[in-house]
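Trainee: Pasting the sequence and the predicted coordinates here, then a few questions.
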Amino acid sequence: MISQANLLSALRRFWGYDTFLPLQEKIVRSLLDGHDTCAIMPTGGGKSLCYQLPAALLPDQTVVVISPLIALMQDQVAQLDRMGIPAACLNSFLKGTQQSQVIKKACTGGYRLLYLSPERLARKDTIDWLKRVPIALFAVDEAHCISQWGHEFRPDYLQLSRLRTQFPGKPISAFTASATQHVRHDIIAQLQLRDPHKYIASFHRRNLRYTVAQCTSEMQHELLVKALRAHSGESVIVYSPTIRRVGEIVSFLEQEGIAALPYHGKMEASARRTNQERWTSDEVRVLVGTIAFGLGINKAGVRAVIHLSLPKSIEHYYQEAGRAGRDGQPADSVLLWQKRDEGLLAHFIGQISDAQEKERAWQRYNAIKRFVESKVCRHRQTCGYFGENLKADSCHACDVCGATPDWFPKAAPAKSPAREVAAAARVPGSPAARQQPLPQIPAASQWERELREYLREWRQMAAREERVPAYVVMHDTSLEDLCRKQPRSVAELVHVHGFGERKTKKYGQQIVEALDRFRAGARVAIKPNILPTLARRWAAAAAGGRRS
């Protein structure tokens, strides 16, 4: 039995955290005690730490992680390396000789964590050599993919039932961010979990403000621009329904003087990776992508997620919206849909040949339709869908309950006096609302804003040198805490959130020197403003159009 003091010591030494997030410690203990485990935790809830910490504490044993996301595997291995925890992943990007080296080292217990894709695990030769690895336990990430009732069913995940038959004595744990009660039961059955410990976190994202509106194409563009200008200088994800629309939206935003990057499946993998890294490092704050973007993205400070069409399901919407506000600070989830979206979703459902899958798709379609058309609190609807009952009548954080962003058009007041009073209590800025204020991010001073940008630039340069995403060098939450505490020595840096021993040793002196330069007057070079150039270009184009 590992004491709490030892757990907290490891948490501080490797991760630089002083406390666990909700449920983390219980799940860690469950895995260390050898129990099968099923954990449902929201995006940003700290799922990966739940199996990484036991791996760091189990000597000469390996936690095998099954994940469908190659980019996420690579990023997590890079982060673990910086924390001093030996880890590796096997994927198609490795050359044959590199794969052989990883397998050889894994068989001698050289890794605390080994990441595999479900496709890799399905190979017979993988099972053969994996039996020589000193396995502590299996951790199945994105476990909802094993359920045909789930929103992202992947047939390769069905092969994971072999884990129980091929490794009968090894504990199996399942992790996912979004699973209904039906899907949770299916995960347990498919993975053949034995008397599993179950941990289900609340689905209530209190810091998210849900705003939903049906609109015309023109109104959608207008509201998108207003939303992005309201979040100027902050990280935003814009979800587009199709690849073609991604390009159109990026071009439209450029005409409006808003820099944005595209991301979709038909881009070259290197171009996708570059755009993702430019966005994660805050070089460009707006990313426009299909729903393929965001899986495995570990960026805590996203201030808004904007959907420009109806999502395929409540699960999709909850997971995608949850990529905003992972740092616990207030964030916006905006859904601007058009009537034609219904026809597009219905068209895709019509292409499904399997009768049962088609029926499940229609159920998901009807659920998302009810969500956008209902006048019931958005938070109550999402929680209720996953089996959680919110008791409060009003969340004070969605458009139905009267809480909308300043840039969003206000609804007409209710006719009933009693309802008017209740609505007034929910409208930000009204006297009644001041009794229950919405959470706000404290306004930063000019000094703090300049320091934040300066440290972001340092982080971006460090990430480029090491060819890793910016958050691998330093999380947004760590950067914010660094700006607050402004340590003057490496010894003081260990008190900053997210700086464990290895990361402090690697980056400590560089960061202290960067802070000293800032105090001495160094600032981020001001980038040229493209708006005047664009304005001249538009004026010239308009003049040319009038002459023709």
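Mentor: Cool, got the structure.
Trainee: which intervals of this structure have sub-threshold pLDDT?
Mentor: For the chain, the stretches flagged by pLDDT under 70 are 294-296, 411-444, 526-548.
Trainee: Tell me how it divides into domains.
Mentor: 4-200, 208-435, 442-548 (automatic domain parsing).
Trainee: need these in TSV with mean neighbour count, can you?
Mentor: Using the backbone N, CA and C atoms, a C-beta is placed for each residue, glycine as well. TSV is the format used below for the domains of the chain (neighbours: other C-beta atoms under 10 Å):
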stretch	mean neighbour count
domain 4-200	19
domain 208-435	18
domain 442-548	15
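Trainee: OK, contacts around the residue nearest to residue 241 when sequence neighbours are not counted?
Mentor: Excluding its sequence neighbours, the residue lying closest to residue 241 (C-beta to C-beta, 6 or more residues apart in numbering) is residue 309, at 3.6 Å. Contact partners of residue 309, counting by C-beta atoms under 8 Å, 6 or more residues apart in numbering, are 239-241, 337-338, 341, 344.
Trainee: measure the spatially closest residue to residue 349 that is not a sequence neighbour to residue 317 for me?
Mentor: Nearest non-adjacent residue to residue 349, counting by C-beta to C-beta, 6+ apart: residue 361, 4.5 Å away. The gap separating residue 361 from residue 317 is 15 Å, by C-beta to C-beta, to the nearest Å.
Trainee: ok, now residue 244?
Mentor: 22 Å.
Trainee: got it, and residue 289?
Mentor: Distance from residue 289 to residue 317, by C-beta to C-beta: 15 Å.
Trainee: And for residue 140?
Mentor: 24 Å.
Trainee: Check residue 505 too.
Mentor: 42 Å.
Trainee: again, but for residue 137
Mentor: Counting by C-beta to C-beta - residue 137 and residue 317 are separated by 32 Å.
Trainee: which stretches of the stretch 101-250 of the chain form strands?
Mentor: For the stretch 101-250 of the chain, the strands defined by DSSP state E, counting those that start in this stretch cover 113-116, 135-140, 172-176, 197-200, 208-214, 235-239.
Trainee: From the contact counts, what lies against the longest one?
Mentor: Spelled out, that is strand 208-214. Applying 3 or more C-beta pairs under 8 Å, 6 or more residues apart in numbering; DSSP states H and E, we find strand 208-214 packed against strand 331-337, helix 355-373, helix 378-385.
Trainee: So which residue is dead centre in this protein?
Mentor: residue 323 (3.8 Å; C-alpha atoms, centre = their mean).
Trainee: quick one: it from residue 303, how far?
Mentor: Distance, residue 323 to residue 303, using C-beta to C-beta: 11 Å.
Trainee: One more: residue 400?
Mentor: 22 Å.
Trainee: Confirm for me that residue 167 is in contact with residue 138.
Mentor: Yes: applying C-beta atoms under 8 Å as the test, residue 167 and residue 138 come out as touching, 7.2 Å apart.
Trainee: shared neighbours of the two, anything?
Mentor: With C-beta under 8 Å, 6+ apart as the test, residue 167 and residue 138 reach no residue in common.
Trainee: Could you list every helix and strand that the longest helix that the chain contains packs against?
Mentor: Secondary structure of the chain per DSSP state H: the longest helix is helix 446-466. Helix 446-466 is packed against helix 470-473, helix 476-485, helix 501-519, with contacts defined by 3+ C-beta pairs under 8 Å, 6+ apart.
Trainee: run the last query once more with 10 Å
Mentor: helix 269-280, helix 470-473, helix 476-485, helix 501-519 (3 or more C-beta pairs under 10 Å, 6 or more residues apart in numbering; DSSP states H and E).
Trainee: Can I get the ones you listed in TSV including distance to residue 222?
Mentor: Shown next, in TSV, are the helices and strands packed on helix 446-466 (distance: least, C-beta to C-beta, whole Å):
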stretch	distance to residue 222
helix 269-280	24
helix 470-473	32
helix 476-485	30
helix 501-519	39
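Trainee: And those: which comes nearest residue 18?
Mentor: Taking C-beta to C-beta, helix 476-485 is the member of the helices and strands packed on helix 446-466 nearest to residue 18, at 11.1 Å.
Trainee: what's the angle from the closest one to helix 269-280?
Mentor: Per axes from the mean of the first three to the mean of the last three C-alpha atoms, to 10 degrees, the angle that helix 476-485 makes with helix 269-280 is 30 degrees.
Trainee: Correct me if wrong: residue 514 contacts residue 483.
Mentor: No: between residue 514 and residue 483 there is no contact under C-beta atoms under 10 Å: 11.8 Å.
Trainee: Report the set of residues contacting both of these two.
Mentor: Counting by C-beta atoms under 10 Å, 6 or more residues apart in numbering, the residues touching both residue 514 and residue 483 are 451, 454-455.
Trainee: Now those residues in TSV, please, with extra columns for distance to residue 43.
Mentor: Formatted as TSV, the shared contacts of residue 514 and residue 483 follow (distance: C-beta to C-beta, whole Å):
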residue	distance to residue 43
451	28
454	29
455	25
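Trainee: quick check, nearest of those residues to residue 123?
Mentor: For those, the nearest to residue 123 is residue 455 (44.2 Å; C-beta to C-beta).
Trainee: residue contacts, the closest one?
Mentor: 474, 478-480, 482-483, 511, 514-515, 518, 524.
Trainee: can the residues you listed go into a markdown table with extra columns for distance to residue 396?
Mentor: Output for the contacts of residue 455, formatted as a markdown table (distance: C-beta to C-beta, whole Å):
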| residue | distance to residue 396 |
| --- | --- |
| 474 | 33 |
| 478 | 30 |
| 479 | 29 |
| 480 | 25 |
| 482 | 32 |
| 483 | 29 |
| 511 | 39 |
| 514 | 40 |
| 515 | 39 |
| 518 | 38 |
| 524 | 37 |
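Trainee: Tell me which two in the residues you listed are the farthest apart.
Mentor: 478 and 524 (18.8 Å).
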